[in-house]
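Undergrad: structure of the sequence below:
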Amino acid sequence: MELLLSKSSMPLIKYIAQLLGWLMNGIYFVLYKIGIPNIGLCIIFFTIIIYLFLTPVQIKQQKSSKVMNAIQPELQKLQKKYQGKKDAASQQKMQEETMALYSKYGVSPTGSCLPLLIQMPILFGLYQVILYIPGYVSRVANIFNSLAVKISTVDGYQKIITDFVANNKIRVNGKGDYTVNRIIDMMYVMKPSQWAKLEGIKQFASFKDQMGSVAAQSARINNFLGINISETPWDAIKSGFSNIAGGTATAAIIGALIAGILVPVLAWFTQWLNMKLMPQQSTDSDNAMARQMNSMNMIMPIFSAVICVTFSMGIGIYWIAGAVIRAIQQVIINRSIGTVDVEEMIEKQAAKAEKKKEKSKDYVNNVTQNARTNVKHIQNSRSNGKDIDSSQFYKDTENLNPDSITAKANWVKSFDEKKNSGRNSGRK
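TA: Here you go, the predicted model:
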């Protein structure tokens, strides 16, 4: 029977997680084939692929920022024009003129946020994949599958596993009975010390050797530079200081403590470096956009550190690797865009914006003209005393989209007129 493994159930995010899971599974398969199956490396290669995919978005955002810097004098002129005018009419007029200016040059005031907005669902999806790695990476599930099935055949295993999880404070996803799925999820996040305790349970003595083999494989795939990526930095920090205070700290525990501190610190530093490499807005104190960007530059590195303290270290690896890759991308993009003539870039952006306007005008004009033609058709039919066949009239509106409001409204109007005409003639 096919094993249905635990996966994300978050609305919308579960679909993103499924796509990312396929990618993660493919990367792990390649690493397995070349003899280095490791979830940490898998996450790094995954990050590289994702950011290569996002490179065009990054370039577009940088060009938009460059144009935004160039039009700052015009924006500041608008702000001075309405300075001190707090009434609703003036504020609305200023907003309209500001948006018209953005439209003229084909830029968006939120363009600089686009990469972050794209990253956030990817980040949440990736977290779900890391949380349910066995559910998305089939070769990882295969490591634990046979052992989980054997455990589930032991009499009273539900109470044994429930007590084991509670006593060792293991975070297992989901609630309810310990099915084979949940046992696999439990074993995936277990630490070496917890594996030793599981091997010591007398009811599982008959497959103790298999437990040792599975524990070794689990340690191999989850260990990245001495870090157990299934743990959170906060777990490693608490455990480290607790063992130091109790005099039971080992080299491995101290190493995990250092890693737990380094992950959020590196997340903060790499994000700060990335922000510094980004093209900066004018620092004029009257420039609202510049103030927002400066606030973002301060908040984002702190946000990165908080995220990486509370989420698993696998997320921290993704966040740090992503920031490093973005920094390298940024250096290359800065050099490339630095050679582009800003005036030429503005002209191209303005030309694109103008084309969009023309297309929009053409569409509106076509719909309006079609509506006028159809109304004229109805009026002429009335004046000639002709009955209107609804199917024929609908055929006359074929130049419109059949699902459009205009086409449907005209069809209904014609049909009602025909119906009313029939009633009136019957009364006579």
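
Undergrad: show the subsequent helix or strand relative to the helix or strand harbouring residue 101.
TA: Using DSSP states H and E, residue 101 maps to helix 88-105. Next along the chain after helix 88-105, taking DSSP H and E as the criterion, comes helix 114-131.

Undergrad: so what secondary structure elements neighbour the very next helix or strand once past that following helix?
TA: With elements assigned by DSSP H and E, the helix or strand that comes after helix 114-131 is helix 133-136. Where contact means 3 or more CB pairs under 8 Å, 6 or more residues apart in numbering; DSSP states H and E, helix 133-136 is packed against helix 13-33, helix 138-152, helix 180-188. Using the backbone N, CA and C atoms, a C-beta is placed for each residue, glycine as well.

Undergrad: from the rest of the structure, what touches helix 133-136?
TA: 5-7, 17-18, 20-22, 24-25, 39, 129, 140-141, 144, 181, 184-185, 188 (CB atoms under 8 Å, 6 or more residues apart in numbering).

Undergrad: one more time with 10 Å, if that's ok
TA: Residues from elsewhere that reach helix 133-136 (CB atoms under 10 Å, 6 or more residues apart in numbering): 3-8, 17-18, 20-25, 28, 39, 42, 128-130, 140-145, 148, 173, 181, 184-185, 187-189, 221-222, 229-230, 312, 314.

Undergrad: kindly report the same for stretch 236-251.
TA: With contacts defined as CB under 10 Å, 6+ apart, stretch 236-251 is touched by 191, 193, 226-228, 231-232, 253-261, 263-264, 309, 313.

Undergrad: related to what we said a few turns ago, now list the buried members of the contacts of helix 133-136.
TA: Buried by 16 or more other CB atoms under 10 Å: 3, 5-8, 17-18, 20-21, 23-25, 28, 39, 42, 128-130, 140-141, 143-145, 148, 173, 181, 184-185, 187-189, 221-222, 229-230, 312, 314, out of these.

Undergrad: how much space between the nearest residue to residue 331 once chain neighbours are set aside and residue 329?
TA: Closest residue in space to residue 331, ignoring its immediate chain neighbours: residue 277 at 6.5 Å, by CB to CB, 6 or more residues apart in numbering. Distance, residue 277 to residue 329, using CB to CB, to the nearest Å: 9 Å.

Undergrad: okay, the two: which has more neighbours?
TA: residue 329 (19 against 16; other CB atoms under 10 Å).

Undergrad: please name the nearest non-neighbouring residue to the more buried one.
TA: Excluding the flanking residues, the one nearest residue 329 by CB to CB, 6+ apart is residue 58, at 5.9 Å.

Undergrad: ditto for residue 40
TA: Leaving aside its sequence neighbours, residue 40 sits nearest to residue 224 (CB to CB, 6+ apart; 2.7 Å).

Undergrad: what's the answer for residue 13, then?
TA: residue 124 (5.0 Å).

Undergrad: how about residue 255?
TA: What sits nearest to residue 255 in space, not counting adjacent residues and going by CB to CB, 6+ apart, is residue 226, at 4.9 Å.

Undergrad: now do the same contact list for the one you found.
TA: 251-252, 255-256, 258-259.

Undergrad: quick one: it from residue 321, how far?
TA: Distance, residue 226 to residue 321, by CB to CB: 17 Å.

Undergrad: likewise residue 127?
TA: In this view, residue 127 and residue 321 are 15 Å apart by CB to CB.

Undergrad: same question for residue 93.
TA: In terms of CB to CB, residue 93 sits 47 Å off from residue 321.

Undergrad: who has more neighbours out of those two?
TA: residue 321 (20 against 15).

Undergrad: secondary structure element holding that one?
TA: helix 313-338.

Undergrad: and that helix, average pLDDT?
TA: Mean pLDDT, computed over helix 313-338, is 81.

Undergrad: and that helix, what does it pack onto?
TA: Counting by 3 or more CB pairs under 10 Å, 6 or more residues apart in numbering; DSSP states H and E, the packing neighbours recorded for helix 313-338 are helix 39-53, helix 55-70, helix 114-131, strand 223-224, strand 227-228, helix 233-246, helix 251-277, helix 288-310.

Undergrad: list the buried residues in it.
TA: 313-327, 329-330, 333, 337.

Undergrad: show the buried residues in the contacts of stretch 236-251.
TA: Taking 16+ other CB under 10 Å as the criterion, what is buried in the contacts of stretch 236-251 is 191, 227-228, 231-232, 253, 256-257, 259-260, 263-264, 309, 313.

Undergrad: farthest pair within those residues?
TA: Greatest spacing in these, by CB to CB: 191 and 264 (20.2 Å).

Undergrad: lowest average confidence, helix or strand, in the protein?
TA: Here the helix or strand of the chain ranked lowest by mean pLDDT, DSSP states H and E is helix 390-396, holding a mean of 47.

Undergrad: contacting residues for the nearest residue to residue 327 once chain neighbours are set aside?
TA: Spatial nearest neighbour of residue 327, chain neighbours left out: residue 274 (5.1 Å); criterion: CB to CB, 6+ apart. Residue 274 makes contact with 297, 300-301, 304, 322-330, according to CB under 10 Å, 6+ apart.
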